[in-house]
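Student: let's see this in three dimensions:
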Amino acid sequence: MPKPSQPDLFAASLEGFTPLNGDGPRLWIRRMVIWNSPDDAPIRDITLRKGLNIVWSPDADADGAPMGHGGGKTSFCRLIRYCLGEDSFGTDLQRQRIAAAMPAAYVGAEVMLDGEQWNVIRPIGAGAGGGSHCAIRGGTLESLVQGELPNSTMGPLRQAIVKKVMPLSAPHMPVGSSSDDAWEAALAWMTRDQECRLRDILEWRSSETQSRSPSRNMSKPDRLKVVRLLLKALQQDEIDATRRAQGHKQRAEEATRRKQRVEWLRDDIARNLSEIFGGDPADETAPDFWANRANAAASAQRLSVDPQIDQKLADGRSLCDEKEAHLQKIKTRLAEIDAVLPELNNLLRILGEKVPRASLDALDASDPRCLSCGQSLPPDARIFIDQQQGILNGLIAEQKDAEDRRNSLLSEQQVARADLALAQQQFDQAKAALASLQQKAKETADSLASATGYVTLTTRYPEYLREITRHDAEAKRELELEANERRAANDTRAASQDIVQRLSELFHMTVQFLIPDGPAGRVLLTENDIRPDVGLHGDLTTAAVDSLKVVAFDLAALLLTMEGKTELPGLWLHDSPREADLGLVIYHRLFELALWLETQTDAPQFQYILTTTTAPPEKLRGDPWRVLQLSSAPSDRRLFRRDL
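Tutor: Okay, here's the model as predicted:
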């Protein structure tokens, strides 16, 4: 179809823009399909195009039309990002609602990469967390969704994009070593969250969206590095010089901390020596004064040491050992007596019972008679009588021996107990004497050690100054090396200014296109920032200016990409930029700019997806630019054709 003509003022503001001609952007989405289940017909089959793609959900009007919010514009954007490799397509609550309403749902996309079609199939229903994900070159979406998916990862597409579009920047991305993370960092910039409200060129993902993008955990300096790498405004020499500068800075800080620790230690020692020996720590003669006093105190302490102290300690320990051995010997003997006496008492009790019975037996045997008839036994019974008498005599002898032994042990026990008390007293005295001697020896040794320690401190004290000087010199040397590397990085950065200058020129052109009232735009690159500035007259709010800067910066990066000077793929997505306080006139010029860019090459060299509730310019409200129209009501006009 014929391309609409454009006013000359648009062309004039972008004079000097020189896009490359080709078949189209290096990466773009040709089609997106949503299935309620693989067995059903698609509930959405959306054809997209090179150039401007408008997703419009008209806002409420005076006739009571439904509001534009809630139709699914942001969900559409999240699904685009999901099909390009991002790990999530909505907040936890939104994913749960989709899973409940459409448990077997899938989304698919035809992704064009350097003219080759990739087909992507990803689950969005109940199995999204652990379902099969497929990104494969060639084939058709229909055959994939209805058959068995050949792989379960988005890795092949992510890695192919990195290999073809961003081979130089990816290895240096501050998100780890994987190609997947490198691509997701770039994708975050090109498809920034609506919730970031176009506040800052380096704000891409909001925590509210729960996107799981690695860019969420990146610091602002790291996001700046991503932008510069993708713009080819950060060279390897600058990366290396900056890394070396950081190393020198870290080592300088470590040397400074070591210096401070030594200074603190030296100051503590100086206060201690001053308290002990007097003298002013600020006086440069104080170290010599302290050394003389410490040596004198140590000499005096050595003279006060008892020269016989070691022998006295040895004698005291020997005496303690002797007394302890004697005490232990008595205790052992008493223990033996205590063990034997109960046995003897038991034996004497038994013998006291046996002797009377044996005496009666011997008496009966002296006049033996028959128990039946009472007649005297014959004389040969004398043998029996002698036996009974022998038993009695033996028992009496055993009883006497036991009594003698018991009496002896009792007597020995009485003496041993007296000896035990004396031995215990002697041992306690020897032990106390040794303890006193040891305490005295310890106090003497401690005093000598303290005096000797102060000698050591006064000897070591001058070394602290040399150590402080050494650490200070090391810190200064590392700081000088850091400064050298910073200058080298700055020199290399200056070499990158050509690309930044071109970006700045395109930013200026974009600003003038959007606001044809003579504003000036420029992009400044420093070590720690890349900053777009707009010089305006009139009463635009600060929020509007900030939003304008972000949109113009993104579009300038897209123009630079169309000139073949970046490692960006030529795809950009802005989700409801009107919500970020862009004025209506500026907003409409945004559409006009995209339309004008389509006319500058045989085929559009970009894909710009823009969602809106505000009506686009009237000529762009239909085909082919409006690729999807949504509404919050009725439900079948919402993205998923139902309420969630």
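Student: tell me the mean pLDDT for the helix or strand hosting residue 453?
Tutor: Following DSSP states H and E, one finds residue 453 within helix 382-495. For helix 382-495, the per-residue pLDDT values average out at 84.
Student: residue 90 and residue 75 touch, don't they?
Tutor: Yes. Using Cβ atoms under 8 Å, residue 90 is in contact with residue 75, at 6.6 Å. (Glycine included, C-beta is placed from N, CA and C.)
Student: all helices for the stretch 151-300 of the chain, in order.
Tutor: Shown for the stretch 151-300 of the chain, the helices assigned by DSSP state H, counting those that start in this stretch span residues 155-165, 179-190, 220-230, 236-277, 286-303.
Student: show me what the longest one is packed against.
Tutor: In this structure, helix 236-277 makes packing contacts with helix 286-303, helix 382-495, judged by 3 or more Cβ pairs under 8 Å, 6 or more residues apart in numbering; DSSP states H and E.
Student: save those as a markdown table, and put in mean neighbour count too.
Tutor: Converted to a markdown table, the helices and strands packed on helix 236-277 look like this (neighbours: other Cβ atoms under 10 Å):
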| stretch | mean neighbour count |
| --- | --- |
| helix 286-303 | 16 |
| helix 382-495 | 15 |
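Student: will you turn those into JSON lines that also has distance to residue 202?
Tutor: Shown next, in JSON lines, are the helices and strands packed on helix 236-277 (distance: least, Cβ to Cβ, whole Å):
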{"stretch": "helix 286-303", "distance to residue 202": "55"}
{"stretch": "helix 382-495", "distance to residue 202": "18"}
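Student: residue 51: which of those is closest?
Tutor: Minimum separation from residue 51 across the helices and strands packed on helix 236-277 (Cβ to Cβ) falls at helix 382-495, 34.3 Å.
Student: now the helix or strand that comes right after that closest one: buried residues?
Tutor: Downstream of helix 382-495, the first helix or strand assigned by DSSP H and E is helix 497-514. Under the neighbour-count criterion of 16 or more other Cβ atoms under 10 Å, helix 497-514 has 499-500, 502-514 buried.
Student: run the chain-centre distance for the helix or strand harbouring residue 359.
Tutor: Here residue 359 sits within helix 309-365, counting by DSSP H and E. Centroid separation for helix 309-365 versus its chain: 74 Å, with Cα atoms, centre = their mean, to the nearest Å.
Student: same deal with stretch 235-252?
Tutor: Per Cα atoms, centre = their mean, the displacement of stretch 235-252 from the mean C-alpha position of its chain is 24 Å.
Student: now that stretch - C-alpha only, PDB.
Tutor: C-alpha atoms of stretch 235-252 as PDB (Å, rounded to 0.1, in the frame of the first residue of the first chain):
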ATOM      1  CA  GLN A 235      35.800  -0.700  24.200                       C
ATOM      2  CA  GLN A 236      37.900  -3.600  25.600                       C
ATOM      3  CA  ASP A 237      40.800  -1.300  26.300                       C
ATOM      4  CA  GLU A 238      38.500   0.900  28.500                       C
ATOM      5  CA  ILE A 239      37.100  -2.200  30.200                       C
ATOM      6  CA  ASP A 240      40.600  -3.500  31.000                       C
ATOM      7  CA  ALA A 241      41.900  -0.100  32.100                       C
ATOM      8  CA  THR A 242      38.900   0.400  34.400                       C
ATOM      9  CA  ARG A 243      39.300  -3.000  35.900                       C
ATOM     10  CA  ARG A 244      43.000  -2.400  36.600                       C
ATOM     11  CA  ALA A 245      42.100   1.000  38.000                       C
ATOM     12  CA  GLN A 246      39.600  -0.600  40.400                       C
ATOM     13  CA  GLY A 247      42.300  -3.100  41.400                       C
ATOM     14  CA  HIS A 248      44.700  -0.300  42.200                       C
ATOM     15  CA  LYS A 249      42.000   1.600  44.100                       C
ATOM     16  CA  GLN A 250      41.200  -1.500  46.200                       C
ATOM     17  CA  ARG A 251      44.900  -2.100  47.000                       C
ATOM     18  CA  ALA A 252      45.300   1.600  47.900                       C
END
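Student: kindly provide the distance from residue 87 to residue 242.
Tutor: Residue 87 sits 30 Å away from residue 242, going by Cβ to Cβ, to the nearest Å.
Student: quick one, which of the two is more surrounded?
Tutor: Using other Cβ atoms under 10 Å, the more surrounded residue of residue 87 and residue 242 is residue 242, with 20 against 14.
Student: which one is the more buried one nearest to, not counting chain neighbours?
Tutor: Sequence neighbours aside, residue 489 is the residue nearest to residue 242 in space, at 4.9 Å (criterion: Cβ to Cβ, 6 or more residues apart in numbering).
Student: then residue 146?
Tutor: Residue 146 sits nearest to residue 38 (Cβ to Cβ, 6+ apart), 5.5 Å away.
Student: same check on residue 533?
Tutor: The shortest distance from residue 533 to any non-neighbouring residue, by Cβ to Cβ, 6+ apart, is to residue 522 (5.4 Å).
Student: so what's the residue count around residue 98?
Tutor: Neighbours around residue 98, by other Cβ under 10 Å: 21.
Student: so it makes contact with residue 90?
Tutor: Yes. Between residue 98 and residue 90 there is a contact under Cβ under 8 Å: 7.0 Å.
Student: tell me how far residue 392 lies from residue 168.
Tutor: Residue 392 is 124 Å from residue 168, by Cβ to Cβ.
Student: just residue 260 next, same as before
Tutor: Taking Cβ to Cβ, one finds residue 260 at 43 Å from residue 168.
Student: one more: residue 179?
Tutor: 13 Å.
Student: could you check which of the two has the larger neighbour count?
Tutor: With neighbours defined as other Cβ under 10 Å, residue 179 and residue 168 compare such that residue 179 has more, 20 against 13.
Student: which residue, other than its chain neighbours, is closest to the more buried one?
Tutor: residue 162 (4.1 Å).
Student: likewise residue 642?
Tutor: Closest to residue 642 by Cβ to Cβ, 6+ apart is residue 635, at 5.3 Å.
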